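1. The amino acid sequence is not available; the structure is as follows:
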Ligand SMILES: Cc1ncc(COP(=O)(O)O)c(C=O)c1O
């Protein structure tokens, strides 16, 4: 009876829903899980099976599904104001959220501009940077620099600064491609190089590009500390301090895309804090609403904001989205920020991260594991799969095997990663580690 329900939902979904980031034909063999409800770190299907959401539902969920505190805030907000346009009007949730975020940068980035998805925040930062230079009489600064392996979203502007061929190449003719410079990915260390050496080498490559073209470059866009979508490529914080210095020296903006790595993922609230720098723009999304509602935003330094402040309408930043600053989403974000403070989340995450690393320690020396790495609550390793066909199907095979072990895990290529919500108990951490190892042993053997 229950099984029929699950199968029914799957059939109806495949007939009517076009799923994201999916070759739909793969669902001829890969299961599609119909979620009936969520609770804490767990997603439950219609058959009574459950799955530990070990990747936080695409890195958005911070404090579990159906979190009582976020739910209460949203229920309260629903009876006050679901939405009002943000041009000519304002409201408490968007004001309080902007104030609290600015305070978390010591008021260095004093204004927040709102959108819904991460890619829209990236578009906004790119447009703002270009428009700022235009308003400042430097209209030639029209180009952007991104890193090898960068990922900034799927809209046309965001894809132009994305360097993941699988997502970008089909749309190549539509894109005004950015300059791609070396990634500081610590896995590229040669001989006795340290991660910091790799970072300095990458910064030198960026400097070369800036020497050639700074007069045409509006901004450099980076994913601080972890380039997630390319396969959890991690780098030393010194890269960020070097890039900050180069951007200052050559007169270009630094855009920090903290959509995936912000909100505590890397151990500090903003990843940039670990390099003791502030960029000119910070893009936030995903975790900021606790994984509840689409919310993204761009924080800017005051001099950027001032560059648009004028009596001339055309010098203003006229970008808009209908749901800009949605009160429900902002209220979810405020409840999320409150949990950070009330539960001392960043400190407790350090213990959770350590326990997870300890529980998985035997994988670090496994003969089929390369580059076991961790930054904050992100833990990743690469599977050594020599056969190209097996490598191509590794992620799907791992996903399917993980489901049998009550885990939601979706490797990127042959990179297995864990990015769980910040609420796992010790037992859940130990169970996650043991089952991840079991799935890995099973998939690597076949
Ligand atoms: C670093 C980064 N930037 C931008 C995005 C795009 O965000 P969204 O999927 O909400 O458009 C993502 C999504 O994974 C991301 O990881």
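-> That came through fine. This one's a predicted model, so the numbers in the text were calculated from it and none came from an experiment.
2. part of a helix, is residue 329?
-> Yes - checked against DSSP: H, G, I helix; E, B strand; the rest coil, residue 329 lies within a helix.
3. need the residues of the protein near the ligand, please.
-> Where proximity means Cβ under 6 Å from any ligand atom, the interface of the chain facing the ligand comprises 117-119, 122, 151-153, 223, 228-229, 257, 259-260, 285. C-betas here are computed from N, CA, C, even on glycine.
4. Ends of stretch 244-263, what's the gap?
-> 21 Å (Cα to Cα, to the nearest Å).
5. For that stretch, list every residue counted as buried.
-> Applying a neighbour-count criterion of 16 or more other Cβ atoms under 10 Å, the buried positions in stretch 244-263 are 244, 246-247, 250, 252-263.
6. Stretch 213-231 now?
-> Neighbour counts over stretch 213-231 (16+ other Cβ under 10 Å) mark 214, 217-231 as buried.
7. now, among the residues of the chain next to the ligand, which is nearest to the ligand?
-> residue 118 (2.2 Å; Cβ to the nearest ligand atom).
8. right, and that closest one touches residue 258 too?
-> No - in this structure, residue 118 is not within contact of residue 258 by Cβ atoms under 8 Å, at 9.9 Å.
9. okay, which residue is most central for the chain?
-> If you average the C-alpha coordinates of the chain and look for the closest C-alpha using Cα atoms, centre = their mean, you land on residue 260, 1.5 Å from that point.
10. Am I right that it is in a strand?
-> No - assigned with three-state DSSP, residue 260 falls outside any strand and is coil.
11. Does it touch residue 56 like I think?
-> No - in terms of Cβ under 8 Å, residue 260 does not count as a neighbour of residue 56; the distance is 10.2 Å.
12. Any stretches of the chain with poor pLDDT?
-> 1-3 (pLDDT under 70).
13. Tell me who's in contact with residue 325.
-> Residues in contact with residue 325, defined by Cβ atoms under 8 Å, 6 or more residues apart in numbering, are 86, 90-91, 94, 114.
14. now those: which count as buried?
-> Among the contacts of residue 325, those classed as buried by 16+ other Cβ under 10 Å are 86, 91, 94, 114.
15. partner residues bridging the last one?
-> Applying DSSP bridges to residue 114 gives these bridge partners: residue 297.
16. Now that it has come up, it's in contact with residue 86, right?
-> Yes - applying Cβ under 8 Å as the test, residue 114 and residue 86 come out as touching, 6.8 Å apart.
17. shared neighbours, those two?
-> For the pair residue 114 and residue 86, residues contacting each of them under the criterion Cβ under 8 Å, 6+ apart are 94, 324-325.
18. need these in CSV with distance to residue 360, can you?
-> Converted to CSV, those look like this (distance: Cβ to Cβ, whole Å):
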residue, distance to residue 360
94, 41
324, 41
325, 41
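19. What about residue 154, how many residues nearby?
-> If you count neighbours by other Cβ atoms under 10 Å, residue 154 ends up with 17.
20. The residue nearest to it when sequence neighbours are not counted: what's it in contact with?
-> The shortest distance from residue 154 to any residue other than its chain neighbours is 5.7 Å, reached at residue 119 (Cβ to Cβ, 6 or more residues apart in numbering). Residue 119 makes contact with 152-155, 158 under the criterion Cβ under 8 Å, 6+ apart.
21. Repeat that for residue 271.
-> Applying Cβ under 8 Å, 6+ apart, the residues contacting residue 271 are 224-226, 240, 256, 258, 261-262, 265.
22. quick one: it from the ligand, how far?
-> As for residue 271, its distance to the ligand is 10 Å (criterion: Cβ to the nearest ligand atom, to the nearest Å).
23. Just say helix, strand or coil for the residue nearest to that residue when sequence neighbours are not counted.
-> Once flanking residues are discounted, residue 271 sits nearest to residue 224: 3.8 Å by Cβ to Cβ, 6+ apart. The three-state label given to residue 224 by three-state DSSP is coil.
24. all strands in the stretch 1-150 of the chain, in order from the N-terminus.
-> Here the stretch 1-150 of the chain has its strands, by DSSP state E, counting those that start in this stretch, at 35-39, 42-45, 50-53, 111-115, 143-147.
25. Just send those back as TSV, with distance to residue 74 too.
-> Formatted as TSV, the entries for the strands of the stretch 1-150 of the chain read as follows, by distance: least, Cβ to Cβ, whole Å:
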stretch	distance to residue 74
strand 35-39	14
strand 42-45	19
strand 50-53	19
strand 111-115	17
strand 143-147	36
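26. tell me the most buried of those?
-> strand 143-147 (a mean of 25; mean count of other Cβ atoms under 10 Å).
27. and the helix or strand following that strand, what does it pack onto?
-> Going down the chain from strand 143-147, the next helix or strand is helix 156-160, by DSSP states H and E. With contacts defined as 3 or more Cβ pairs under 8 Å, 6 or more residues apart in numbering; DSSP states H and E, helix 156-160 has these neighbours: helix 118-135.
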